[in-house]
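# I would like the atomic coordinates for the input below:
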Amino acid sequence: MKAYIQLTLAQLRLFGRNRQVLFWTLLFPVFFMVMLGSFMGKNGGVSLSGIVIDEDRTTASAELMHTLMSQDHLIDFESADNRTDALKALKEGDVQIVAIIRHGYDASLQQHIGPGKGSASSEAAAMVEAHYDETNMTMSQLALTLLSEEVDAVSKKLANYKPVVAVEAFAVESLHLEYIDFLVPGILAMMIMSNNLNGVAGQIASWRERGILRRMQSTTLRSGTFIAAQITARLVMNSLQALIVLVIGSLFFGTQVNGSWLLLFLFVVLGTLTFMSIGFIIAGLAKTPESAGPIAGFISFPMLFVGGVFFPIKNMPEIVQVIVKLLPIAHLSTALRQVMNVGAGIGDLWNEALLLSVWMVAAFLISTFTFKWE
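Modelled structure (predicted):
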């Protein structure tokens, strides 16, 4: 027990004395989170902009223009006078739609719904031109749909249309999540993977080359005590890391942990053990510390971009999702995100816990065959 405590404290002192380790394991991920969160943290919705031109310049066209421009929560319309300049802005991608109230709009309305007219004609009374960018159909179709709904509402109001079928709406409170809420758990998963997979591989390979492991083997120190001390020291580092990231995320961006802190710590432990085991495999396969780094990077770097750290897995092609969902980083980031954002319990995350446990056991068994003291 005394040897275990001494080894754990010695490993923590090594972390503390190495300023590069402190920077890359603590400060750099925090800097990365603040940088991405500042630029992208509030991008939680879709922003649509448009231009509306009143060529008719009548009271009726002014009312329609006012109605469109007042719906800035749907499309942020700006008024303009020049059709050519408006269409140029559309072609350059500055706006998603251009609405033009044609000359003769009011006269057409009066023919259909003027005095003595009982109801509107079956055909449209007046047309509003809608120009959109066909190269960006997703945003353009959304803008066109919203514009059509607003114009249709104005048309029904002018024609004294009374609906015979109504919709009874019931509001449901949902989570208001932004990119920073997605990012912070991903940063935690990234740090756990990097510190343990890359860190263990490089450190053990270096100690083997310098003969430190050989000298430890020649003492009465048991391998189990050595590994337990390594695990404990890295758990302390990972827990400290996670706490710093969560505090900064809360102070700067208002993120919070909606679920159990104990469950969050459980997945930090599972992630640490899993990636440490993989790190021991790499340390056993690498002949030198110089080769350990590239091997670890070859494994960890792709997982940063396909493991749900920065981008949602559901947005990837289906054939890629099948492969990605087998990776430990994908389940670790998903579990951390579900606990923090949704408040999920262990009953909701048993699949993630099971897969991480399988990876941990399998990697540990393989590492027992590949690990070398010399």
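
# what's the helix or strand for the residue nearest to residue 132 when sequence neighbours are not counted?
Leaving out its chain neighbours, the residue that sits closest to residue 132 by Cβ to Cβ, 6 or more residues apart in numbering is residue 140, at 3.8 Å. All C-beta spots, glycine's among them, are computed from the backbone N, C-alpha and C. Per DSSP states H and E: residue 140 is located in helix 137-158.

# go on, residue 357?
Using DSSP H and E, residue 357 falls in helix 350-370.

# how close does residue 48 get to residue 147?
10 Å (Cβ to Cβ, to the nearest Å).

# returning to that earlier point: who's in contact with the helix holding residue 357?
Outside helix 350-370, the residues that touch it by Cβ atoms under 8 Å, 6 or more residues apart in numbering are 266-267, 270-271, 273-274, 277-278, 280-281, 284-285, 326, 328, 331-332, 334-335, 338, 346.

# do that again at 7 Å, thanks
270-271, 273-274, 277-278, 280-281, 284-285, 328, 331-332, 334-335, 346 (Cβ atoms under 7 Å, 6 or more residues apart in numbering).

# show me which residues of that helix are buried.
352-353, 355-356, 359-360, 363-364, 366-367 (16 or more other Cβ atoms under 10 Å).

# swap in stretch 200-213?
So stretch 200-213, judged by 16+ other Cβ under 10 Å, has buried residues 200-209, 213.

# residue 79 belongs to a strand, doesn't it?
Yes: the assignment for residue 79 by DSSP: H, G, I helix; E, B strand; the rest coil puts it in a strand.

# so what pairs up with it in the strands?
With DSSP bridges as the criterion, residue 79 is bridged to residue 52.

# got the contact list for it?
Contacts of residue 79 by Cβ under 7 Å, 6+ apart are 52, 65, 69.

# quick one: the strands in this protein, in order.
49-54, 76-80, 97-101, 128-132 (DSSP state E).

# figure out which of these is closest to residue 303.
Of all the strands of the chain, the one in closest proximity to residue 303, counting by Cβ to Cβ, is strand 49-54 (37.2 Å).

# show me what that closest one is packed against.
Contact here means 3 or more Cβ pairs under 7 Å, 6 or more residues apart in numbering; DSSP states H and E; on that basis strand 49-54 packs against helix 59-70, strand 76-80, helix 83-91, strand 97-101.

# most tightly surrounded among these?
For the helices and strands packed on strand 49-54, the largest average neighbour count (mean count of other Cβ atoms under 10 Å) is found in strand 97-101, namely a mean of 24.

# which helix runs longest in this structure?
In the chain, assigned by DSSP state H, the helix with the most residues is helix 223-253.

# the inter-axis angle of it versus helix 350-370?
Helix 223-253 and helix 350-370 are oriented at 140 degrees to each other (axes from the mean of the first three to the mean of the last three Cα atoms, to 10 degrees).

# least trustworthy helix or strand in the protein by mean pLDDT?
helix 19-22 (a mean of 67; mean pLDDT, DSSP states H and E).

# hmm, back to that, give me the common contacts of residue 48 and residue 147.
residue 75.

# neighbour count winner among those two?
Using other Cβ atoms under 10 Å as the criterion, residue 48 and residue 147 rank with residue 147 on top: 25 against 19.

# could you find the closest non-adjacent residue to the residue positioned nearest the centre of the chain?
The geometric centre of the chain, computed from its C-alpha atoms, lies nearest to residue 182 (Cα atoms, centre = their mean), at 3.8 Å. Sequence neighbours aside, residue 337 is the residue nearest to residue 182 in space, at 6.7 Å (criterion: Cβ to Cβ, 6+ apart).

# cool, residue 343 as well?
That would be residue 258: by Cβ to Cβ, 6+ apart, it lies 3.7 Å from residue 343.

# wait, isn't that neighbour in contact with residue 340?
Yes: the criterion here is Cβ atoms under 7 Å, and residue 258 meets it with residue 340 at 6.4 Å.

# the more surrounded of these two?
Between residue 258 and residue 340, residue 340 has the larger neighbour count (other Cβ under 10 Å), namely 22 against 14.

# isn't that one right up against residue 261?
No: at 10.0 Å, residue 340 and residue 261 do not qualify as touching, with contact defined as Cβ under 7 Å.

# low-confidence bits of this structure, can you list those?
For the chain, the stretches with pLDDT under 70 are 11, 15-26, 37-47, 72-73, 112-125, 137-138, 159-177, 221, 223-224, 371-374.

# domains of it?
Domains of the chain are assigned by automatic domain parsing as 12-42+178-370, 49-158.

# now, of the ones you listed, which is deepest in the fold?
Highest mean neighbour count among those (mean count of other Cβ under 10 Å): domain 12-42+178-370, a mean of 18.

# how far off centre is that domain?
In terms of Cα atoms, centre = their mean, to the nearest Å, the centre of domain 12-42+178-370 is set 17 Å apart from its chain centre.

# residues contacting residue 215?
Contacts of residue 215 (Cβ under 7 Å, 6+ apart): none.

# brain fart, residue 99
Counted by Cβ under 7 Å, 6+ apart, residue 99 has contacts 50, 52, 68, 128-130, 147.

# and of those, the nearest to residue 96?
The nearest one, if we look at those relative to residue 96 and count by Cβ to Cβ, is residue 50, at 6.1 Å.

# excluding chain neighbours, what is closest to that closest one?
Per Cβ to Cβ, 6+ apart, closest to residue 50 is residue 97, 4.2 Å.

# swap in residue 100?
Using Cβ to Cβ, 6+ apart, the nearest residue to residue 100 is residue 129, at 4.0 Å.

# with that, I have no additional questions.
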